[in-house]
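Participant: give the three-dimensional model of this entry:
(one chain, ligands or ions: 1)
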Amino acid sequence: MFESLNDVLHNKLKKINAKRLHISEEFEEFKSKDKKYTIKNWLFEAPSFRKWRITQLDGGEKIQVFNTVAYPIFKCEQPILGVDILWFGNSQKLLTVLDYQPLIQDNDYLQKYCSKLNVIKNQYSEFNNTKMKRIYDSNKYFSPWVIICRGNKSNLDDDLNNIFYLFLEEYLKINTFFSENQFLNSKEIQSKHFEYDQYSADKDPADKLFKKFFGEEWTAKFIRNFLFTAN
Ligand code: BLA
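Facilitator: Numbers count the residues shown, from 1 in each chain. This is a model prediction of the structure:
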């Protein structure tokens, strides 16, 4: 599932001259012992992005996940792109979280780099939810306009592809339109990126799933060496 999102993203990556990087075999594709769960990962680097990772988890009817994070180069203060999309087949529930994840919560920064999200979400009422449960702090690395949908099959079939396309398109425009930093220098950007990884590694509810499917040892390595490497 989510092949179409992955295709859209791979095509965009080609357009921005992204280069696929080698990753270790056990992260490229890994199966649970019972073969019910398969995780696949891709890693890219582009002139404006020091790291762009993609994860797809195929758990058949039970769970499907598409997750991607883009880290701009340290010279560039724009938000980190964060996407977490989950489909739970048994309950037919969709959870999507799409955000231009701000490095700081300064109002001018948020307006400049994140406010396009509001324009996008206003076109899709089912995605116009900003309320989070208490897993993450909504004021830390999330924008006021984070696009959240707790939806169903119709949201998955009708809107998700369009909204993902727009979300990606607008994010890449930020990168072309604003080349000068106004709020942070490279050193500050770097430390924000590392703090983001540390914070996310601490909070990400994915590790429970991964441990259950793929075991403690693989999960610890995966989180530290692929998802949130802080480098
Ligand atoms: C929530 N993400 C979740 C949940 C799970 C995952 C199990 C809780 C589901 C629930 O509340 O019903 C699972 N996260 C994963 C998996 C991966 C993962 C399998 O990263 C695989 C790599 N999460 C991110 C990124 C963002 C993010 C980049 O990894 C930013 C957009 C957001 N995930 C996010 C948020 C929630 C969540 C905000 C909670 C939603 C809420 O509070 O309502």
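Participant: and the residue nearest to K192 when sequence neighbours are not counted, what is it in contact with?
Facilitator: Distance criterion Cβ to Cβ, 6 or more residues apart in numbering; nearest residue to K192, sequence neighbours excluded, is L103 at 4.1 Å. Where C-beta positions appear, they are placed from N, C-alpha and C, glycine not excepted. Going by Cβ atoms under 8 Å, 6 or more residues apart in numbering, L103 touches E77, P79, I80, Y109, Y141, L184, I189, K192, H193, Y196.
Participant: now for the residues you listed, which sits with the most neighbours around it?
Facilitator: Neighbour tally across those (other Cβ atoms under 10 Å): the maximum, 25 neighbours, falls on P79.
Participant: before we move on, the earlier item: as CSV, the contacts of L103 with pLDDT, secondary structure and distance to P47 would be great.
Facilitator: Formatted as CSV, the contacts of L103 follow (pLDDT from 0 to 100; DSSP: H, G, I helix; E, B strand; the rest coil; distance: Cβ to Cβ, whole Å):
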residue, pLDDT, secondary structure, distance to P47
E77, 97, coil, 16
P79, 98, coil, 18
I80, 98, strand, 17
Y109, 97, helix, 23
Y141, 95, coil, 24
L184, 98, coil, 20
I189, 98, helix, 16
K192, 98, helix, 21
H193, 98, helix, 17
Y196, 97, helix, 21
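Participant: reformat the residues you listed as a markdown table; add distance to N128.
Facilitator: Formatted as a markdown table, these follow (distance: Cβ to Cβ, whole Å):
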| residue | distance to N128 |
| --- | --- |
| E77 | 27 |
| P79 | 20 |
| I80 | 22 |
| Y109 | 23 |
| Y141 | 21 |
| L184 | 30 |
| I189 | 30 |
| K192 | 28 |
| H193 | 29 |
| Y196 | 25 |
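Participant: the ligand next: which of those are close?
Facilitator: Residues of the contacts of L103 in contact with the ligand (Cβ under 6 Å from any ligand atom): none.
Participant: lowest mean pLDDT among the helices and strands of this protein, which one is it?
Facilitator: When each helix and strand of the chain is scored by mean pLDDT, DSSP states H and E, helix 153-158 comes last, with a mean of 81.
Participant: helices or strands up against it?
Facilitator: strand 93-101 (3 or more Cβ pairs under 8 Å, 6 or more residues apart in numbering; DSSP states H and E).
Participant: which residues in the chain form helices?
Facilitator: With DSSP state H, the ranges of helices along the chain come out as 3-15, 25-28, 107-114, 116-122, 153-158, 160-177, 186-203, 206-214, 216-222.
Participant: quick one: residues in contact with the second one.
Facilitator: Spelled out, it's helix 25-28. By Cβ under 8 Å, 6+ apart, helix 25-28 touches K40, N41, W218, K221, F222, N225, F226.
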